[in-house]
Each structure stands twice: as C-alpha cells, then as structure tokens.
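**Q** take a look and give me a structure for this.
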Amino acid sequence: MDFFEAVEKRYSHRGKYLPNAVPLADLEKIAGAGLAAPSGMNSQCVRLVILPDRKAVQPLCDIAPTEGMLTAPAAIAVLTDKLVQRGTVNFEREDYSAAAENMLLAAVALGYASLWLDSPYFDAEKQRSALEVLGALPNHHLRVVLPVGLPDGEASRREKMPFNERVSYGKFGNKALST
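**A** Reported below is the predicted structural model:
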C-alpha cells in the first residue's frame with residue numbers, strides 16, 4: 001500500500017479486535033516507523049514498549065479498560081523521557097506525536113487497525129500505575145498506547161470536513177490561489 005492510500009484508510013478503531021496474533025516482526029516494523037519520525041533537534045526522547053500479546057496488554061486494561069484495549073491482541077506504549085532536552089527546550093509532545101502518527105500509518109500499511117489512546121492516562125494515579133506495569137523509570141511519561149490488531153467487523157472512518165473549508169492559499173481565508 002502506498003503512503004497516500006495508508007493516509008486515506010487510517011481511522012481510529014474504537015471497536016473490538018479479532019484475537020489473531022500480530023507477528024512480532026510486524027510490531028517491530030510499526031515501532032521502527034515510530035522511531036524514524038522527526039525528533040526536535042534530534043533529541044530522540046521517545047521510548048517504546050511493545051506489548052506483543054494479550055498477557056502483556058491485560059495489565060494496562062486492568063488500569064484503564066477501554067473497548068479496544070480489552071480485545072487488542074497487541075499494543076505499543078509510547079513514552080517520553082522527561083530528562084532529554086536540548087538546552088532549555090524539551091520536544092516531548094512534538095516527538096511522541098510524530099512517532100505515534102508514523103506508527104498509526106505503518107499499522108494501516110500492514111493491514112491492521114489501531115487507535116491513539118491517551119486520555120485514560122491523564123489521571124495521575126493511572127499514569128503512575130501504568131508506568132509501574134511497564135517497568136518505566138520515574139523520568140518517563142506514558143503519552144499514548146496504540147492497540148494493534150485486525151478489526152472485528154466493519155471499519156468506519158469519521159467524515160472529514162471538505163479540503164476547501166480547511167485550506168487557504170497565501171493568506172488565511174484565501175480560498176483560491178490568485179494569479
């Protein structure tokens with residue numbers, strides 16, 4: 001599948017997953033796509049934990065059960081190292097966002113569905129518990145978990161606003177390129 005097809009087909013799968021195992025080689029490809037993402041000043045603060053099977057995924061479900069995680073055969077946890085800085089600048093948010101999007105696209109390109117799950121870990125106690133389950137160091141922050149698997153049933157992508165309602169040319173509000 002080419003890049004633009006993967007972009008077009010990507011959606012946030014909020015439903016159930018089939019129990020089919022995801023080969024470790026595919027999870028590593030997805031993780032590799034995340035690590036290949038741009039990184040502010042090459043700070044590379046993103047750390048990943050591959051959860052290759054239900055046994056590894058279940059402890060996060062116990063902390064923050066969501067429909068997707070309850071049936072996902074695998075997942076990838078995206079963490080950042082809060083100590084990694086370039087001067088006074090920290091690029092955690094930018095770096096993990098780029099990594100997560102690359103992984104979502106890679107999952108689609110390999111035929112899987114996924115979802116960006118972050119809100120369950122906004123709660124400080126759930127964050128602490130999840131970091132403990134993942135064996136992360138105190139300087140880490142769990143940013144997002146991406147369940148990975150084959151969707152159980154029909155997938156649907158939410159409708160996007162039309163291109164011409166969201167794009168301007170040369171200056172905000174210009175709906176056509178002036179000649």
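
**Q** max-length strand in this protein?
**A** In the chain, assigned by DSSP state E, the strand with the most residues is strand 140-149.

**Q** where does this structure have low pLDDT?
**A** Low-confidence segments of the chain (pLDDT under 70): 178-179.

**Q** ranges for the strands of it?
**A** Using DSSP E, the strands found in the chain span residues 46-51, 74-81, 113-114, 140-149.

**Q** pull out the buried positions in the longest strand of the chain.
**A** Using 16 or more other C-beta atoms under 10 Å as the test for burial, strand 140-149 gives 140-149. Any C-beta I mention is one placed from the backbone N, CA and C, and that applies to glycine too.

**Q** ok, back up a step: could the strands of the chain go into CSV alongside distance to K29?
**A** As requested, the strands of the chain are exported to CSV (distance: least, C-beta to C-beta, whole Å):
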stretch, distance to K29
strand 46-51, 11
strand 74-81, 11
strand 113-114, 13
strand 140-149, 11
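
**Q** quick one: which of these is nearest D2?
**A** Closest approach to D2 among the strands of the chain is made by strand 113-114 (18.6 Å; C-beta to C-beta).

**Q** other SSEs contacting that closest one?
**A** helix 92-109, strand 140-149 (3 or more C-beta pairs under 8 Å, 6 or more residues apart in numbering; DSSP states H and E).

**Q** which residues sit in contact with the residue most central in space within the chain?
**A** When C-alpha atoms, centre = their mean is applied to the chain, the residue found nearest the centroid is A100 (3.5 Å). A100 makes contact with 34, 78, 116, 143-144, 146 under the criterion C-beta atoms under 8 Å, 6 or more residues apart in numbering.

**Q** closest to L70 out of these?
**A** L146 (14.9 Å).

**Q** OK, contacts around that closest one?
**A** Contact analysis of L146 by C-beta under 8 Å, 6+ apart lists 30, 75-78, 100, 103-104, 107, 114-117.
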